[in-house]
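> Requesting a structural model of the entry that follows:
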Amino acid sequence: MKTIFTFLAAICLTSFSFAQITIEETDLMMPGDTFLIHVDLSPEVIIDIANTGSYLSWDFTGLNNDESNYACYAPNDELEFQGEFPLSEFHTYGPGYIYAGPGGGSPLDNWGYMMFYTDASGLFVEGFYSDYGMGYRSTFNTPAELLMFTPADFNDIESNDTYWEVIVNENAIDYDTLYRRDVDKTLEADAWGSIMTDYGNFDVLRIHETGISVDSLFAYMGAITYFSTEVARDTINKYYFCAKEVKHPVITVHCDYYDNIERIDFLMGAIYSCNQIPKFDNHQLYPNPCKDFVILNNYKGKVEIYNSLGQIVKSIEDIPSIYKLYMHDLHTGVYYLKEESSACTRLFISK
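Numbers count the residues shown, from 1 in each chain. Modelled structure (predicted):
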């Protein structure tokens, strides 16, 4: 009898150690929210990432910070082209490769604006506006690409097929060339439980995103397509660990087709538009990319900023723990910020 009682007590204790949660629209990012994400490019965690079900636990403590990225969701109020994206409420700006939030099939090798919105059914990217790489143009996802569905409960599944396309060589007397990306994916809430990270411990719902993206080129004249070819094909296999009120995945695990872990993005700071309380760890700066200023958090002593040629363009002595550094006298580009006791941090300036 004592053995049975102990067994039942263990079951009850396990049940109360976890809480099954529902991710709702209020748990998604809003205009003005900013997140700091560290990236471990060679994770050594030992986790059976393919394990699904209830009452699971994951330990993601001790990840390495190989690079720091930001997801700054700015309101669209001052964008000249905001009328072209009638659904979007906020955006991120910069080269896509420094953005570590949910991004979908947007071109990550171009500078530009990614245009987001949320509604009762989830988080979407309506399209993007390119500054460089593809010229100054608006490109639209058809339909809008689903990044996170709501409400999301364990075992819920949503699918989304979308595409975007741009004309890369338009000539009235010759063939036109069109570049197209098709993204077909499924989002499944396949597990829930408790997660441990260096940012904190959370009850989470895990969303498994799987699918494929295909890039193609088409040569056409008028309504006739004369040539088409596939130029790239990528597998989509990511795991998002989402918690209540955090408004951003706590952990994002990038895997190959065989569920081998290739990269882990882990949340390490947040500023919410509703309260503006920073929670960044030591030696961080935001926003990044910046325009007129950057906030330095917990930098001490002497700080120097170098341009891409290795020349010092700014030098500041004995800064306070939180310091607003104005950048309006520097041109658009990539810079490096160095504090005496820390490694260099990439800083992107966009005017």
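
> who touches T225 in this structure?
Applying C-beta atoms under 8 Å, 6 or more residues apart in numbering, we find T225 in contact with 218-219. Using the backbone N, CA and C atoms, a C-beta is placed for each residue, glycine as well.

> now do the one 3 residues further on
For S228, the set of contacting residues under the criterion of C-beta under 8 Å, 6+ apart consists of 216-219.

> same question, T229
For T229, counting by C-beta under 8 Å, 6+ apart, the contacting residues are 216-217.

> Now the element after the helix or strand in which it is found, going C-ward?
For T229, the host element (DSSP states H and E) is strand 224-243. Using DSSP H and E, the next helix or strand after strand 224-243 towards the C-terminus is strand 251-255.

> The helix or strand that comes right after that next one - contacts with which helices or strands?
The C-terminal neighbour of strand 251-255 among helices and strands, as given by DSSP H and E, is strand 261-271. If contacts are counted by 3 or more C-beta pairs under 8 Å, 6 or more residues apart in numbering; DSSP states H and E, strand 261-271 sits against strand 34-40, strand 251-255, strand 284-286.

> Out of the contacts of S228, list just those in strands.
216-219 (DSSP state E).

> pLDDT and neighbour count added to those residues, as CSV?
Conversion of the ones in strands among the contacts of S228 to CSV gives the following (pLDDT from 0 to 100; neighbours: other C-beta atoms under 10 Å):
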residue, pLDDT, neighbour count
S216, 95, 17
L217, 91, 16
F218, 90, 17
A219, 88, 16
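
> my guess is F90 meets A71, correct?
No - using C-beta atoms under 8 Å, F90 is not in contact with A71; the gap is 10.7 Å.

> Which neighbours do the two have in common?
With C-beta under 8 Å, 6+ apart, F90 and A71 have common neighbours M29.

> G83: what secondary structure?
When classified by DSSP: H, G, I helix; E, B strand; the rest coil, G83 comes out as helix.

> strand partners of the strand holding T229, parallel vs antiparallel please.
strand 200-221 (antiparallel), strand 251-255 (antiparallel) (DSSP bridges).

> Tell me the buried residues in it?
By 16 or more other C-beta atoms under 10 Å, the buried positions in strand 224-243 come out as 236-243.

> for stretch 285-296, same thing?
For stretch 285-296, by 16+ other C-beta under 10 Å, it's 285-290, 294-296.

> just so I have it, where are all the strands in the stretch 1-150 of the chain?
34-40, 53-59, 67-72, 74-75, 90-95, 111-119, 122-130, 137-149 (DSSP state E, counting those that start in this stretch).

> Would you format the ones in strands among the contacts of S228 as CSV with distance to Y257 included?
Shown next, in CSV, are the ones in strands among the contacts of S228 (distance: C-beta to C-beta, whole Å):
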residue, distance to Y257
S216, 20
L217, 24
F218, 27
A219, 31
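
> Output the helices and strands packed on strand 261-271 as TSV; include the columns mean pLDDT and distance to Y306.
Formatted as TSV, the helices and strands packed on strand 261-271 follow (pLDDT from 0 to 100; distance: least, C-beta to C-beta, whole Å):
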stretch	mean pLDDT	distance to Y306
strand 34-40	89	22
strand 251-255	96	31
strand 284-286	71	14
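
> mind putting these in TSV, distance to V313 included?
Putting these into TSV (distance: least, C-beta to C-beta, whole Å) gives the following:
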stretch	distance to V313
strand 34-40	24
strand 251-255	34
strand 284-286	15
